[in-house]
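Q: need a structure here:
(chains A, B, C and D)
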Number of protein chains: 2
Amino acid sequence: MQLDAFDRTLLNLVQEDCSRTAEQLAERVALSPSAIQRRLRRLREEGVITRDIAVVDPRKAGRPTFFIVGLHVEREQPKLLAELRRWLAAEPHIQQAFYVTGEADFVLVITAPDTEAYDGLMARLVTENVNVKRFTTNVALGIIKRGLTIPIPERPDA
Amino acid sequence: MQLDAFDRTLLNLVQEDCSRTAEQLAERVALSPSAIQRRLRRLREEGVITRDIAVVDPRKAGRPTFFIVGLHVEREQPKLLAELRRWLAAEPHIQQAFYVTGEADFVLVITAPDTEAYDGLMARLVTENVNVKRFTTNVALGIIKRGLTIPIPERPDA
DNA sequence: AATGAAATATAGAATAT
DNA sequence: ATATTCTATATTTCATT
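A: Here you go, the predicted structure:
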């Protein structure tokens, strides 16, 4: 699916705020509200926009602690890795998981109400996934920024 | 602000999908649609819900590369750290930034259209922030999970 | 004080020009 | 691409507990 300049600015706008009305978006996109609605519907149907979510302020919702975790596996066997991936994806407290090059094999961003909960989670992780060799924990002392926005250049260059 | 059981389930639901109508939410929250709307409005006013955003599929929007970066600073002086924080927060390609304990001082999640763009960004980072000593890069080979959801227990335990 | 139900207003979806 | 209608949702108001 090809994205034109209109699609790209729309994507940038709804990544900031998806509660904007088509009319409000029309003030910034040189398109009629109905054209904007059609495009947004198409972008969602095509899976360019995968979902619309509310972002909650952690300080006002239980003050969870954030942990950045580097995971090291025993073997790089595809089967074992796929299993681990599924496990990570299914765990609600794991916000994000990347399979990476470099020192660690996986990097995780985890939220837990407290350190004990985190310990419990990681204990389960290592016992239920024997392929996990070890992990290194970084506790977040401060959250500077937290988002999923992918900046989309107005003009395509790919 | 105190969150009761209704607020908590609502928060869990809108973190999954904020495009649900009050009527749909009412099927799962034993409240009338109007009560639900009032609560959601209050949660947004109070800043418990900070914003509503569309999540874009990176594979369908330019296939950017994700980088997980560990940042090491020269000095831990509050003034210098605050400056760096501001710089990180202002940079659109930096999706997330945490100030952490452990080996690195900051952990960043960065998206860039390609490796050159990443190089350019990091070059700017180190030249414009002399307090940055060095950094370690992990390239994401695969994204297993990507979200901002904070699981909120139905019963408060804090 | 907060809820539920009915009123109005607004935005979205579909159709036609 | 705009204009119009139709439908659904959100917003407001009010009575009730």
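Q: measure A:Val100 to B:Ala61 for me?
A: 21 Å (Cβ to Cβ, to the nearest Å). For every residue, glycine as well, the C-beta is placed using N, CA and C.
Q: what of A:Cys18?
A: 15 Å.
Q: low-scoring stretches of chain A, by residue?
A: A:156-158 (pLDDT under 70).
Q: my guess is A:Ile67 meets A:Thr115, correct?
A: Careful, residue A:67 is Phe and not Ile. No - counting by Cβ atoms under 8 Å, A:Phe67 sits too far from A:Thr115 to count as a contact (9.1 Å).
Q: neighbour count winner among these two?
A: A:Phe67 (26 against 12; other Cβ atoms under 10 Å in any protein chain shown).
Q: buried stuff in the helix or strand harbouring the more buried one?
A: A:Phe67 belongs to strand A:65-73 when assigned by DSSP states H and E. Of all the residues in strand A:65-73, those buried under the rule 16 or more other Cβ atoms under 10 Å in any protein chain shown are A:65-71, A:73.
Q: give the other helices and strands that that strand contacts.
A: Judged by 3 or more Cβ pairs under 8 Å, 6 or more residues apart in numbering or on different chains; DSSP states H and E, the packing partners of strand A:65-73 are helix A:78-90, strand A:106-112, helix A:115-128, strand A:132-146, strand B:94-100.
Q: and the fourth one, what does it pack against?
A: Read that as strand A:132-146. strand A:65-73, helix A:115-128, helix B:78-90, strand B:94-100, strand B:106-112.
Q: direction included, what does the strand holding A:Phe67 pair against?
A: The pairing partners recorded for strand A:65-73 under DSSP bridges are strand A:106-112 (antiparallel), strand A:132-146 (antiparallel).
Q: residues making contact with the last one?
A: By Cβ atoms under 8 Å, 6 or more residues apart in numbering or on different chains, the list of residues contacting strand A:132-146 from outside reads A:55, A:58, A:65-74, A:84, A:104, A:118, A:122, A:125-126, B:85, B:88-89, B:94-104, B:106-107, B:148.
Q: report the angle between that strand and helix A:78-90.
A: 40 degrees (axes from the mean of the first three to the mean of the last three Cα atoms, to 10 degrees).
Q: how about strand A:132-146: buried residues?
A: A:132, A:135, A:137-140, A:144-146.
Q: the inter-axis angle of that strand versus helix A:115-128?
A: Using the same axes, to 10 degrees: strand A:132-146 against helix A:115-128 is 140 degrees.
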